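> fold the following.
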Amino acid sequence: MKQVRVVISGQVQGVWFRGWTVGEAAARGLDGWVRNRRDGTVEAVFRGPPETVDEMIDLCWDGPPVASVDAVEIFPDTDPVEPGFRQIKNA
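Numbering: from 1, shown residues only. This next block holds a predicted model:
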């Protein structure tokens, strides 16, 4: 299993990015969460098979139709993650 934390920047808040992420990650059977951050970015943790996590990271470069992504930063993550994928409280 692979687990990463990603921070997505650009026009990613107010464009349904979190809801889109929940749908895409859940459809792929990933565990983790997504939330908005005060600095205008979106942060997510993805956990699952390496190829599926990598696919989800690639999808984040596009996001939902009205999003405009400038960068996707990827960090290793080892914090415990509950099963399933959900939206959590903003940071």
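> can you give me the strands in the protein?
With DSSP state E as the criterion, the chain has strands at 2-11, 31-36, 42-48, 68-76, 85-87.
> check the ones you listed for me and report the most buried one.
Mean neighbour count (mean count of other C-beta atoms under 10 Å) peaks for strand 42-48 among the strands of the chain, with a mean of 24. No exception for glycine: its C-beta is placed from N, CA and C like everyone else's.
> neighbouring strands - and their directions - for it?
strand 2-11 (antiparallel), strand 31-36 (antiparallel) (DSSP bridges).
> what about it, distance to the chain center?
Distance of strand 42-48 from the chain centroid (C-alpha atoms, centre = their mean, to the nearest Å) equals 4 Å.
> ok, now stretch 11-21?
Worked out by C-alpha atoms, centre = their mean, stretch 11-21 lies 10 Å from the chain centre.
> the spatially most central residue of the chain: what's it in contact with?
The residue lying closest to the centre of the chain (C-alpha atoms, centre = their mean) is residue 44, at 3.6 Å. Residue 44 is in contact with 5, 6, 8, 21, 25, 32, 33, 34, 35, 60, counting by C-beta atoms under 8 Å, 6 or more residues apart in numbering.
> number of nearby residues for the fourth one?
Neighbour count of residue 21, defined by other C-beta atoms under 10 Å: 28.
> got it, and the fifth one?
Other residues near residue 25 come to 27 when the count uses other C-beta under 10 Å.
> surely it is in contact with residue 34?
Yes: taking C-beta atoms under 8 Å as the definition, residue 25 is a contact partner of residue 34 at 7.5 Å.
> overlap of the contact sets of these two?
Common contact partners of residue 25 and residue 34 (C-beta under 8 Å, 6+ apart): 44, 85.
> check contacts around residue 13.
Listed by C-beta under 8 Å, 6+ apart, the contact set of residue 13 reads 36, 40, 41, 42.
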